[in-house]
Structure formats: C-alpha cells, structure tokens
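sequence first, predicted model second:
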Amino acid sequence: MESTSSQAAEHSLSADILVVFERMGVEATIGDLVESVQHRGFGFLFVILSIVPVMPATSGIATPFGILSMLLAAQIWLGRDKPWFPPKILAKKVGNSLRKFLQKAASTLQKLERRLKPRWGGLYRENTFRYVMAPLIFLCSVSVAIPLPGTNSVAGLAILLIGLGMLEEDGLFGLAGIVIALVGLTAAILSIYFIVTYGPQGIDMMKSMIRGR
C-alpha cells in the first residue's frame, strides 16, 4: 500500500488540507480536497473521512463520511489502485463549518504524523490488506453511516488509525485500529440487538448494563 517519502514528509496530509483551503477558500469543493491528496492514495482519504466521525456526538452528521469510506473500502477489495467518487459528490462545496473544523484538525494530524514509521508492515501487504483489512474498514464504515449513539466515534477512530498506518505501512497503528474496530463493531451489534429486541428503550438498557446498574 502507500508509503511516504522524504518529499511526502515535507508535504504531509495536514499541510495539504491547509493548502487547499488557502488556495480555494470558501469555494473549496470535496473534489478539490480529494484531488489534493489522491496522489497519496486511499490512506489519506480514509484519514480525512474519519476526522468528523471520530468526534463525539456526530451521529447523523457522520453518515455521508461513512458512506464514502464504504465506497473506498469496496474499491480496495475489488482491486482498484486509485480512489473514485461520483461527480455529484465531488462537486459539493466543503462548507464553512467543515472547512474550519478540518483546519483545526490539521494540527492534531501533524502530531500523529510525526509518530508514524515503517514497522510490522505485514498488515499492509496487498492480499492481507485487500481481503482482511479492507472488509474490516467497510464494516466500520457501515457502523459510522448508521446513526447509532456512541458507535460512530469508535468506528471512526479505528478507520483513522488504520488510514494513518497506511501512510508509512505502520502496523502498530494498524493493529491498534483493528482492536478498536472489534470493540466498536461489538458495541454496534449490541446496540442493534437491544433496539430490535426492546425498542427505543434498548439503548438506555444497554447504557445501564455497561455502567453496571
């Protein structure tokens, strides 16, 4: 999968985000943002798409990001080398609130990027990533897309860590993402079970069970 070079280190994802908004301002579209990082491949796009879901209380708002992540994960599983999005999505403006949010998130990304380094790269070998990691990202993206309280952030964090690991084939980040993904998916399955079984009160019952009450 993707790996960064010394040139990429100088032009990191966080820098690319800032450059796009400095150049386009409020007129920046999703297509502008995707175009600025697509030369780096799927990993950077997973990171960008997981920034909003990873924040708490983003149920519903995070749904489009989950759908786009699902699309990317499916493309990897199908063997595509370059990411693709529908033109209608690419033409949409990022919006002032999301633009400000991404600009603030860039500083956090800078700190995470400095911790990346090649290690335990087996997780990012082509077949392993295509047939194991990509389906896991897809399931996490489904969890992000479904507006269940408390599951968006966990699934988003898993995608974020796996995406960051792709940048330098950092298996430590990938492994952390896998662990968090399993926790998030378990929580999502339990949430669905309680809702289906007990109706709207199911979520409250699940919360009480977790708190030991």
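Looks like it arrived, so ask away.

biggest helix in this structure, by residue count?
When the chain is parsed with DSSP state H, its longest helix is helix 171-198.

what pLDDT, on average, does it get?
In this model, helix 171-198 has a mean pLDDT of 87.

tell me the buried residues in it?
Across helix 171-198, burial judged by 16 or more other Cβ atoms under 10 Å covers 171, 173-178, 180-181, 184-185, 187-188, 190-191, 194-195. (C-beta placed from N, C-alpha, C; glycine too.)

over to stretch 128-145?
Within stretch 128-145, the residues that count as buried by 16+ other Cβ under 10 Å are 129, 133-134, 136-145.

could these go into a markdown table alongside secondary structure, distance to residue 29 and pLDDT?
As requested, the buried residues of stretch 128-145 are arranged in a markdown table below (DSSP: H, G, I helix; E, B strand; the rest coil; distance: Cβ to Cβ, whole Å; pLDDT from 0 to 100):
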| residue | secondary structure | distance to residue 29 | pLDDT |
| --- | --- | --- | --- |
| 129 | helix | 29 | 87 |
| 133 | helix | 29 | 91 |
| 134 | helix | 27 | 93 |
| 136 | helix | 30 | 94 |
| 137 | helix | 24 | 95 |
| 138 | helix | 25 | 96 |
| 139 | helix | 29 | 94 |
| 140 | helix | 26 | 94 |
| 141 | helix | 22 | 94 |
| 142 | helix | 26 | 92 |
| 143 | helix | 27 | 89 |
| 144 | helix | 22 | 89 |
| 145 | helix | 22 | 88 |
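
among these, which two are most distant?
The most widely separated members of these, counting by Cβ to Cβ, are 129 and 145 (21.4 Å).

after the helix or strand where residue 107 lies, which helix or strand is next?
Applying DSSP states H and E as the criterion places residue 107 in helix 96-113. Using DSSP H and E, the next helix or strand after helix 96-113 towards the C-terminus is helix 126-128.

centre of the chain to that next one, how far?
Its chain's C-alpha centre and that of helix 126-128 lie 19 Å apart, by Cα atoms, centre = their mean, to the nearest Å.

which intervals of the protein have sub-threshold pLDDT?
Of all residues in the chain, those with pLDDT under 70 make up the ranges 1-27, 36-40, 56-60, 94-103, 149-150, 200, 202-213.

let's go with 50 and repeat that
For the chain, the stretches with pLDDT under 50 are 1-11.

quick check, central residue of it?
residue 50 (2.8 Å; Cα atoms, centre = their mean).

that residue against residue 68, yeah?
No - with contact defined as Cβ atoms under 8 Å, residue 50 and residue 68 do not form a contacting pair (10.2 Å).

which secondary structure element is home to residue 70?
Element membership for residue 70 (DSSP H and E) is helix 63-77.

helices and strands around that helix, which ones?
Where contact means 3 or more Cβ pairs under 8 Å, 6 or more residues apart in numbering; DSSP states H and E, helix 63-77 is packed against helix 42-51, helix 134-145, helix 152-168.

could I get the ones you listed as JSON lines with distance to residue 87?
Below are these laid out as JSON lines (distance: least, Cβ to Cβ, whole Å):
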{"stretch": "helix 42-51", "distance to residue 87": "16"}
{"stretch": "helix 134-145", "distance to residue 87": "21"}
{"stretch": "helix 152-168", "distance to residue 87": "24"}
